Structure formats: C-alpha cells, structure tokens
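> Quick check, what structure comes out for this input:
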Amino acid sequence: MTDDNSDNKSLILAAEDCPPDYFEQLHFFSTQEKRIISKLIAHGPVLLKGARGSGKSALMIEASRQMYPRQENSPAFGIYISLRHLELLRSEGEKYERMLCQLIIDAVNKAMDEGKLDIAFEAQPNITSLQKELSNLSSSTGKRIVVFFDDAAHIGREAPLHEFFDIFRTLSSSTISCKAAIYPGVTKFGTRFDVYNDATVIDVSKNDEVKEYNSSFAEIIRKRFSDRLPEEAFSSQFSLENVAGFMGRAVLGNMRGFLFACNKLGEENIDSRIGLTSITNTLIALASNYYWPLIEELKPKLGIYAPMIDPAITIAEDIFEEAGSQNKRNVIILREITQRLSKPLEILEYTGFISIKDVSRAMKSRGRGTRYSLNLCTLLENIPGTRVTSDIYNMWLHEKDDSLELHKGSSLYKFDLPKLLESGEMLILSEDLGKLGKSNAYPYGLTPFQIDILKKAGYETVSDLAEANDEALLTLDNIGPQILKRIRSTVAQAIWM
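Numbers count the residues shown, from 1 in each chain. Predicted coordinates for the structure are as follows:
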C-alpha cells in the first residue's frame, strides 16, 4: 500500500511536512522574505504574524537552516520547535510550563546531537533551570541561542497564551532570542507582556507593489509545477510571470492558496495554452472548493469563538457582493465597524478572504478606516458575468488604488454579533474519524480504506488518533511510514492548520 500523495511535491502544503532533503528544492524566497529571515536570525525577540498558509513556518525553518548546527560557522545556534502537541494545548499553569520547557530541552539535545557537541546540557523542565542552561550553552559555544516557536498561538486559541508569552519574555536575554509564529486575532498576550516593547511584530504579507512580485511566484511554478505548467504553456499575452503574479494577487499572496491555484490551473491546461477560460475556471473552483470549505472547516477548531463563523460568512457575502457589483478589489471599513466586528474580520483574514493593507486610511466619507484587499476568487463570483475578461485581467494585474468604502450607512454598521460560548473545548477533537476523509477541506486526507483500518483498531475520534503514538500505529496492517506521515499531516491540519 502506497501513499498516492507522498511523491507529489505540488501537494506538500505545509513547510513542516516537507522532507528536509526537499526543502531547498521546493522553496524560493523573495528579497522581502530574505529580509524577514535576516531579522529572525538577528538578535532580539520577534513575533511573526500572518494568515493560515502565508509561509511563516517556511521562513522560520529557513532561518534555522542558516544557523548552527546546519551552518557550522554561524554565530548563532538555531533551535526550531513545532508546538503542535495536543497535551500542550490542553495544559495550563505549571503543567504547561513543564511541557513547554521539556519540548525546548528535547529540541536543544537533538540539535546538539546533530552538531556532535560534547557539552553537558542538564536543564530541568522549569523556566529557571532552562534559562540558566541555555545561557551556559551560549557561553560554551560562543554562539547566541535563537529559539523558534512555530504555531505558538493563533485565532480561537487564546486561553493559555499569557503563560506562553510569560515564558517567551522570561527566556529572552542578551544571549537568548525568542521568535514565535502567531496568527491574526491573538489578543491576550498577558499582563506582563507588552507586545510593542517586548517584541518586534513582523507581518509576512507579501507586498504586490514590489517589482519582483510576479517573478517570485513564477519561480515557485518552475520549482513545483514544471511538469504540469511548463514554459510552453504560456504565451506573450499570458506570460509565465504575469500569470503567476495574477494568481498570487488572486489569493492575496498566500502561498498555500497559490499552490491550490497552480494545481487547478494545471488540471485546466492539460492540452492547451493558458488563457482567460482556464484562469476563470481556476478562480471559480478555488472559491467553491477552497475558500468556502475552509471557513466551514475552521468552525470546530475555534472553541468559544465558534459562533463567530456564521457572522463571518454573512459579512464576507455582504462585502464581496457590494465590491463585486462595483468591480472593486479593495475595501476601506470604518474604524468603528472594524473594532466592533474584529473577531469575524480576523476569521476572514485568517482564512484568506481578506488581507489588511493599511491599518488606518482616510475615507472620502470622512473618518478613518482599515483598508483590506479582497481575494479575487470570491470576488469573481460576484462580478457581473462571472468571468475574467481581458479588461479585468489587466486591471487586477496592474491594480490602481480605488477602494469601496463601508461606513455608517453600510449594513455592517448595524450588524449584531452573537454571544461567545462558555466552554472553550474544540469540537474537532470529538468528531468522528470519518471527518478526516479526503475532501475539499482535507485535500490530502485519509482514504476510506485507511479510516476503516484505524476504526477497527479502536480509533473512533480525531482526539483518539491525535493521541496515538507512532509505534502503535505502525503495528497496524497496511500502515507504513508514508501512510503514518499522511495521518499525522491530516490530523495536524484538522487541529492546527
């Protein structure tokens, strides 16, 4: 039994799932991203903020790859840690501190083994001992210590954040730098953590106004889709660079959305050149098979914020309908509205429906508001004719700043939000295992055959599978290393991605 996705590099959606040997082959970093990587390597605490699939993990992994022990002459020791651990998610207080410290200790020991360091590292799983031993390690090696916390915190998971950021702040020193990846919507940093003074916040959103925007996305196509989207599939009218840049803008620069777009474009372009028809079909397919399923997939992950999904959908429908009727791909929403509807708007940003371009922008109708870009896939659903014409293609490719304004006269101004849930338990954990079947929401999900094997072994819910250890799963018939990797990737998407 083989995994039909295991050798398809176009379906490796998360950097954490990318085999180390493939990482350099599949990833390309623009000048803007290289500057971010330099800041991650440099001294000082950093919070890397971005939507789902925006490339935060890839940036952190690449930063760690440029440091010791992978680069022997680097002046900094890089420790990369993924915080995708269910028990950590469920823990608080001293238990949370102990588990997080143990994860750091294990990651340090692994990196020391990789670098063949014969230095004693005897940290105990508490913050005082860990900080002391990390300082000693820095002194012994003559290198700064940089700790990368991936998936540290994101939307809907705000309860234990003050504990994480207390540890983040306490560990940071002249020789130890902490970096963490966070998502839109993280608001509860705790009373002791001042986000403006205790860290530098870097937004990973790609700027579509820079010269290399088109060429950087074109390079991704060359690296991942050369077989399905070869150079000869493009023409002078629809060049590789321009089509790549257009698709990048269509998904608001989100790398995971771009991979889905390229997969679909490759399917549309089996025997002919890229044209308006294949581009139109790709955007329409992404709207119905990627964006709307994605926002529904998010609901069981949000804990107390689950009631905000339906308002987010309604708000998206209202914004895109009005923007589509006027063919506007930007919207400025009055500050008073964005403050009151912050959580639904954060959900739309997290899922890639919108992306903040300016936090504060003057409005023609007086006042100030937040300017958002809209994804072109959902926007096209609301454009008269529902197709990409030459005029629309050129206008969206060479965007001019002309925004729809939503102020006190809009439907959003009077929009009422429901109450939050009292319990914060994520509903996804109690879902039947069948929820993880391959679908629009889980494109590399499990097959019916695999689900049947797992259920017969006693794994009935997503939580059961998340808590299973690798050794137990590998004893099951037809579950080998590749299938195990697929199981872990699917569970990770269900709970964290």
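
> For the nearest residue to V46 once chain neighbours are set aside, what are phi and psi?
The shortest distance from V46 to any non-neighbouring residue, by C-beta to C-beta, 6 or more residues apart in numbering, is to K179 (4.5 Å). Every residue, glycine included, has its C-beta placed from N, CA and C. For K179, the backbone dihedrals are phi -130, psi 140 (criterion: degrees, to the nearest 10).

> Please tell me I have it right and K179 contacts D150.
No: with contact defined as C-beta atoms under 8 Å, K179 does not reach D150; the gap is 9.2 Å.

> Looking at these two, which is more packed in?
K179 (31 against 22; other C-beta atoms under 10 Å).

> Can you give me every residue that contacts that one?
L40, P45, V46, L47, L48, M60, A63, V146, V147, F148, F149 (C-beta atoms under 8 Å, 6 or more residues apart in numbering).

> again, but for S325
By C-beta under 8 Å, 6+ apart, the contact list for S325 reads N382, P384.

> can you check the one 5 residues further on too?
For N330, the set of contacting residues under the criterion of C-beta under 8 Å, 6+ apart consists of K357, R371, Y372, S373, L374, E399, D401, D402, S403, L404.

> Same check on L376?
For L376, the contacting residues are R249, A250, V251, L283, R329, W396, by C-beta under 8 Å, 6+ apart.

> Using PDB, write out every CA atom in stretch 51-59.
Provided in PDB are the C-alpha atoms of stretch 51-59 (Å, rounded to 0.1, in the frame of the first residue of the first chain):
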ATOM      1  CA  ALA A  51      -2.700  34.200   8.000                       C
ATOM      2  CA  ARG A  52      -3.000  30.500   7.500                       C
ATOM      3  CA  GLY A  53      -0.700  29.200   4.800                       C
ATOM      4  CA  SER A  54       1.100  32.500   4.500                       C
ATOM      5  CA  GLY A  55       4.600  31.000   4.800                       C
ATOM      6  CA  LYS A  56       5.500  31.700   8.500                       C
ATOM      7  CA  SER A  57       6.800  28.100   9.100                       C
ATOM      8  CA  ALA A  58       8.900  28.200   5.900                       C
ATOM      9  CA  LEU A  59      10.600  31.400   7.000                       C
END
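
> what's the spacing between that stretch and its chain's center?
Computed by C-alpha atoms, centre = their mean, to the nearest Å, the chain-centroid distance of stretch 51-59 equals 4 Å.

> What about the contacts of N330, which one has the most neighbours?
Counting neighbours by other C-beta under 10 Å, Y372 leads the contacts of N330 with 27 neighbours.

> quick one: low-confidence parts of this protein?
Counting by pLDDT under 70, the chain has low-confidence residues at 1-15, 17, 154-160, 185-187, 401, 424, 441, 497.

> That one - how does it break down into domains?
Split into domains by automatic domain parsing, the chain comes to 9-203, 213-296, 299-414, 427-495.

> Same list (those domains) but as CSV, adding distance to L420.
Shown next, in CSV, are the domains of the chain (distance: least, C-beta to C-beta, whole Å):
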stretch, distance to L420
domain 9-203, 11
domain 213-296, 18
domain 299-414, 5
domain 427-495, 14
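
> how many neighbours does A244 have?
27.

> An error on my part: the question was meant for L406.
Neighbourhood size, L406 [other C-beta under 10 Å]: 25.

> Show the contacting residues for it.
Contact partners of L406, counting by C-beta under 8 Å, 6+ apart, are I319, E322, V331, I332, I333, L334, I337, G369, L412, Y413.

> Narrow those residues to those in helices?
Among the contacts of L406, the residues falling in helices (DSSP state H) are I319, E322, I337.

> where exactly do the helices run in the stretch 251-400 of the chain?
For the stretch 251-400 of the chain, the helices defined by DSSP state H, counting those that start in this stretch cover 255-268, 276-286, 292-298, 309-325, 335-340, 342-350, 376-381, 390-397.

> Would you convert those helices into a markdown table that also reports distance to P19?
Below are the helices of the stretch 251-400 of the chain laid out as a markdown table (distance: least, C-beta to C-beta, whole Å):
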| stretch | distance to P19 |
| --- | --- |
| helix 255-268 | 16 |
| helix 276-286 | 27 |
| helix 292-298 | 25 |
| helix 309-325 | 34 |
| helix 335-340 | 41 |
| helix 342-350 | 27 |
| helix 376-381 | 30 |
| helix 390-397 | 35 |
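
> Select, out of these, the one closest to I36.
Closest approach to I36 among these (C-beta to C-beta): helix 255-268, 13.4 Å.

> From the rest of the structure, what touches the closest one?
10-11, 13-14, 52-55, 58, 217, 220-221, 224-225, 228-229, 243, 247-248, 250-251, 274, 277-279, 281-283, 285-286, 290, 352, 375, 443.

> I'd like to know which of the residues you listed are buried.
Buried residues within these, counting neighbours by 16 or more other C-beta atoms under 10 Å: 10-11, 13-14, 52-55, 58, 217, 220-221, 224-225, 228-229, 243, 247-248, 250-251, 274, 278-279, 281-283, 285-286, 290, 352, 375, 443.

> quick one, what contacts P307?
Each residue near P307 by C-beta under 8 Å, 6+ apart is listed here: P418, K419, L420, L421.

> Next, count neighbours for H162.
Residues near H162, counting by other C-beta under 10 Å, number 16.

> Equivalent analysis for V147, please.
For V147, the neighbour count with other C-beta under 10 Å is 24.

> On the three-state scheme, it is what?
Assigned with DSSP: H, G, I helix; E, B strand; the rest coil, V147 falls in the strand class.

> Who are the contact partners of the nearest residue to it once chain neighbours are set aside?
Nearest non-adjacent residue to V147, counting by C-beta to C-beta, 6+ apart: I79, 4.8 Å away. The contact partners of I79, by C-beta under 8 Å, 6+ apart, come to S64, I104, A107, V108, A111, I145, V146, V147, F148.

> Please apply the same query to V491.
L436, V462, L465, A466.

> all helices of the stretch 51-200 of the chain, in order?
According to DSSP H, counting those that start in this stretch, the helices that the stretch 51-200 of the chain contains are 56-65, 86-89, 93-114, 127-141, 161-171.

> could these be laid out in TSV, adding distance to P19?
Formatted as TSV, the helices of the stretch 51-200 of the chain follow (distance: least, C-beta to C-beta, whole Å):
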stretch	distance to P19
helix 56-65	12
helix 86-89	24
helix 93-114	16
helix 127-141	28
helix 161-171	29
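
> Quick check: L137 touching I145?
Yes: using C-beta under 8 Å, L137 is in contact with I145, at 6.4 Å.

> Identify the contacts common to the two.
Contact criterion C-beta under 8 Å, 6+ apart; residues shared by L137 and I145: F77.

> List only buried entries from the contacts of L406.
Buried subset of these (neighbour count, 16+ other C-beta under 10 Å): I319, E322, V331, I332, I333, L334, I337, G369, L412.

> can you tell me how far the last one sits from L83?
The reference is to L412. Using C-beta to C-beta, to the nearest Å, L412 is found at 35 Å from L83.

> One more: the second one?
Counting by C-beta to C-beta, the gap between E322 and L83 amounts to 39 Å.
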